[in-house]
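*Asks:* Give me a 3D structure for the following:
(one chain, ligands or ions: 2)
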Amino acid sequence: TPSHRAPNHKSRLRRGGGGEEATTFTCLPPKDDFYQNSSIHLSQQITLGDVTSVNPIRPDECPEEIADDEEVWGSGDQVFHVHDEDSIFIQPEEEWQEHGEEEHDVQCKDKGVPAIMRCFDRTRIFVKAGDGGNGAVAFRREKFVPFGGPSGGDGGRGGNIIVEVDGAMNSLLPFRKNLHFRGEKGGNGRGKKQGGARGEDVIVKVAPGTVIREAIKGGVDGDVLLDLLHPGQRACLLPGGRGGRGNASFKSGFNRVPRIAENGEEGPEMWLDLELKLVADVGIVGAPNAGKSTLLSAISAAEPNIANYPFTTLLPNLGVVSMDFDATMVVADLPGLLEGAHQGYGLGHEFLRHAERCSVLVHVVDGSGTQPEYEFDAVRLELELFSPVLSEKPYMVAFNKIDLPEVLEKWSSFEQHILSRGVRPFAISAINRQGTHDVVLAAYQQLRKELELKKEVENLNVPVNLNHVAEMIQKQRSISMNDFEIIHDAKTSTWNVVGAGIQRFGQMTNWQYSESLRRFQHALDACGVNKALIKGGVKEGDTVIVGEMEMIWHDSAEKVGSSNMTKAGNVKWPRWN
Ligand SMILES: Nc1nc2c(ncn2[C@@H]2O[C@H](COP(=O)(O)OP(=O)(O)OP(=O)(O)O)[C@@H](O)[C@H]2O)c(=O)[nH]1
Ligand SMILES: [Mg+2]
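*Replies:* Ligands and ions are numbered 1, 2, ... in the order given. As a prediction, this is how the structure comes out:
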């Protein structure tokens, strides 16, 4: 029925900013649809970008239009367009260098692979939660209140970075357009105790099956932060910075006219590696030209490119297979595997990871090949070399092109070979749909078994906490100011005070107000920095660095309780992480 078909191969990706919209290149109907509705008899087709091409794409050309690199900001009116001629090849690595990072190792398999293939299932993005708004200094001025009290409002909280699974996406290609996501800054506080507005959140939409890691240098995989499987799952990844307090919040018996307000807290930022592992039930694997795409087109309404040409399929195709009864499954047709793929031959292992999430594999063997048995063993070996997870998955073997007489001749020796491996192979002709139904049925039965097993395991599992990253950051924010370390560099007479609590305090200090310096120095006294410095042997004129604040130490403190330091003239404020 048309209502269950993908409405359009270009679906809309909504982003936090509201106004701006991007086009995804793919469309997968929400998975729930497949299972809820029992009346689907027409199989569906899912196209993962129409880039499966007969002619292999040369690395220096790209079938898609060159996308503008564009930033997504929390507020819709602030979208920055960065035009970049070379944006076919997105190179976030360069930006790492801009941000003062060391050169990032580009993995060699990334080189020369067209961006459309590289970004299909892996990408690197930058996220930054919004900074908090600054607090205000203001005093009430009313007709009959000559000495009005402080009335500066607090800044608003910065926007969060939220990650959400969008069931309509099935590739990471939309990120080719946007790789910067920034939560909106909170509004500044104003007079009359008016608080600043809350910064708008940015929602980063990802496809089901996306694994998110913190990007780290040197081509090593960072820790997995999130493993998002189900449409609708939502995780708060980075919490926005707290708003700075206005002077109304600093009023006390001791200080009735505080001329001080805080800066908003800076929002945390991060580079993330996104990796998509398609969520399909069944994966079709096999050597190039074996007839994998033909099989998919025979069992579903998918129309993948088919040609007598190795590597016709460059990106996985998905199809929905419906049985006569109320049951469907999602089948993925993967690019062909060559012997030595793990060493970078052919498409290498670029797409094998998608098979990891499949419950069952269907291994198609080209019966018209010179040595089908050898081909079978070679592909099995590649699966094993890729990961034991893959080689342990239940699999069916489909000996294809049985409609050709010379293929039929080879069948019985092939069958014997596979039987000796403990598996009963199927003989099929994908092109004539001969025997394909048996393969589908067998795969489906196996799938049911696997799902039952999975269910049992899942029932034992406690529900996952998706907000753990944000919670960890919040916890770090509450680290006590007393928790610091002092590093002394005798050569330059520099004392470096390192501690998340005190650095945050420094970052939120608004030096534009005269009382701020006193408050900062008071804090250094109170949390024991001064004492520790004296104990360490600090001398007149030494430089003391707290976070990114540079100060000069003076021995002659006039009174106890205030610090011995004056601010160095040139205060630099690099980014605070
Ligand atoms: N005679 C015959 N030819 C077939 C059969 N199945 C596929 N073919 C042909 O084999 C060739 C390759 O088919 P594809 O489905 O593109 O093979 P593939 O495994 O997807 O190939 P790659 O995507 O390149 O890995 C095409 O020319 C098909 O027409 C079959 O059952 N019988
Ligand atoms: Mg194919």
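
*Asks:* Below-threshold pLDDT in the stretch 351-500 of the chain: ranges please.
*Replies:* Applying pLDDT under 70 to the stretch 351-500 of the chain flags residues 458-463.

*Asks:* The chain too?
*Replies:* By pLDDT under 70, the weakly predicted segments of the chain are 1-119, 144-147, 324-326, 341-349, 458-463, 556-577.

*Asks:* which bits of it sit near ligand 1?
*Replies:* 286, 288-294, 306-308, 310-313, 335-336, 400-401, 403-404, 429-431 (C-beta under 6 Å from any ligand atom). For every residue, glycine as well, the C-beta is placed using N, CA and C.

*Asks:* show me the contacts for residue 451.
*Replies:* By C-beta atoms under 8 Å, 6 or more residues apart in numbering, the residues touching residue 451 are residue 359.

*Asks:* Of the residues of the chain next to ligand 1, which belong to strands?
*Replies:* 286, 400 (DSSP state E).

*Asks:* Intersect the residues of the chain next to ligand 1 with the contacts of ligand 2.
*Replies:* For ligand 2, the contacts drawn from the residues of the chain next to ligand 1 by C-beta under 5 Å from the ion are 293, 312, 313.

*Asks:* Closest to residue 321 out of the residues you listed?
*Replies:* Checking these against residue 321 by C-beta to C-beta gives residue 293 as the nearest, at 14.1 Å.

*Asks:* In this structure that closest one contacts residue 311, no?
*Replies:* No. Counting by C-beta atoms under 8 Å, residue 311 is not a contact partner of residue 293; they are 11.1 Å apart.

*Asks:* Quick check: PyMOL command selecting the buried ones in the residues of the chain next to ligand 1.
*Replies:* Burial among the residues of the chain next to ligand 1 is assessed by 16 or more other C-beta atoms under 10 Å; the matching PyMOL selection reads:
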select buried, resi 286+288+289+290+291+292+293+294+306+310+311+312+313+335+336+400+401+429+430+431
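
*Asks:* Filter the residues of the chain next to ligand 1 down to the ones in helices?
*Replies:* 292, 293, 294 (DSSP state H).

*Asks:* Using TSV, lay out the ones next to ligand 2 among the residues of the chain next to ligand 1 together with distance to residue 245.
*Replies:* Listed next are those as TSV, based on distance: C-beta to C-beta, whole Å:
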residue	distance to residue 245
293	62
312	63
313	59
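
*Asks:* Let me know the closest of those residues to residue 446.
*Replies:* residue 293 (21.7 Å).

*Asks:* What residues does the closest one make contact with?
*Replies:* Counted by C-beta under 8 Å, 6+ apart, residue 293 has contacts 52, 304, 305, 306, 312, 313, 317, 333.

*Asks:* could you redo the last one with a cut-off of 6 Å?
*Replies:* 304, 306, 313, 333 (C-beta atoms under 6 Å, 6 or more residues apart in numbering).

*Asks:* same deal with residue 198?
*Replies:* 156, 157.

*Asks:* how far away is it from residue 473?
*Replies:* Counting by C-beta to C-beta, to the nearest Å, the gap from residue 198 to residue 473 is 18 Å.

*Asks:* Which residues of this structure lie near ligand 2?
*Replies:* 293, 312, 313.

*Asks:* between those residues, which is nearest residue 149?
*Replies:* Nearest to residue 149 among these is residue 313, at 71.9 Å by C-beta to C-beta.

*Asks:* With adjacent residues omitted, what lies nearest to that closest one?
*Replies:* Nearest-residue entry for residue 313: residue 335, 4.8 Å, with adjacent residues in sequence omitted and distances by C-beta to C-beta, 6 or more residues apart in numbering.

*Asks:* Number of residues surrounding residue 386?
*Replies:* 19 (other C-beta atoms under 10 Å).
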